[in-house]
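Asker: take this sequence and fold it.
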Amino acid sequence: MLWIDDLVDYSEEYLLLRAVATLQGRPAIPADFEEVTTLGERTEFRPGEEAPNDGVYIEIGENDFHMGIKNPGRVKMRAGQRFPNTSNHNRKWTRFGND
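Answerer: Numbers count the residues shown, from 1 in each chain. Take a look at the predicted model:
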């Protein structure tokens, strides 16, 4: 049987948190922990984070793949600028097109 753990390259921080939690009898992953891959560049950003590149960024949400987002926010950013707040707390920013 193949487990999802066999397919993912976890960070050392994640593995340490998981081991300590298991020894303490707690849930393996804290609710506020977000695994960030070290391969490639991130594509989703939260308000307050810095834009990695110049370009146009739009809001995405948890159901945008199936239902789309009506009137998503759109901002033109320069590398290093901080992302503004989104129109609701479930949304993030992502690069739009090849601008």
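Asker: next, the buried residues of the lengthiest strand in the chain.
Answerer: For the chain, the longest strand by residue count, based on DSSP state E, is strand 55-60. Buried residues in strand 55-60, counted by 16 or more other C-beta atoms under 10 Å: Gly55, Tyr57, Ile58, Glu59, Ile60. No exception for glycine: its C-beta is placed from N, CA and C like everyone else's.
Asker: next: stretch 82-96.
Answerer: In stretch 82-96, counting by 16+ other C-beta under 10 Å, buried: Phe83, Thr86, Arg91, Lys92, Trp93, Arg95, Phe96.
Asker: of all those residues, which comes closest to Arg46?
Answerer: Proximity of the buried residues of stretch 82-96 to Arg46 was ranked by C-beta to C-beta; the top entry is Lys92 with 5.8 Å.
Asker: tell me where the chain has helices.
Answerer: For the chain, the helices defined by DSSP state H cover 12-24, 64-67.
Asker: which of the ones you listed has the lowest mean pLDDT?
Answerer: Ranked by mean pLDDT, those end with helix 64-67 at the bottom, a mean of 60.
Asker: how close does the nearest residue to Gly61 once chain neighbours are set aside sit to Asn85?
Answerer: Distances taken as C-beta to C-beta, 6 or more residues apart in numbering place Arg91 nearest to Gly61, at 4.7 Å, with adjacent residues excluded. Per C-beta to C-beta, to the nearest Å, Arg91 is found 9 Å from Asn85.
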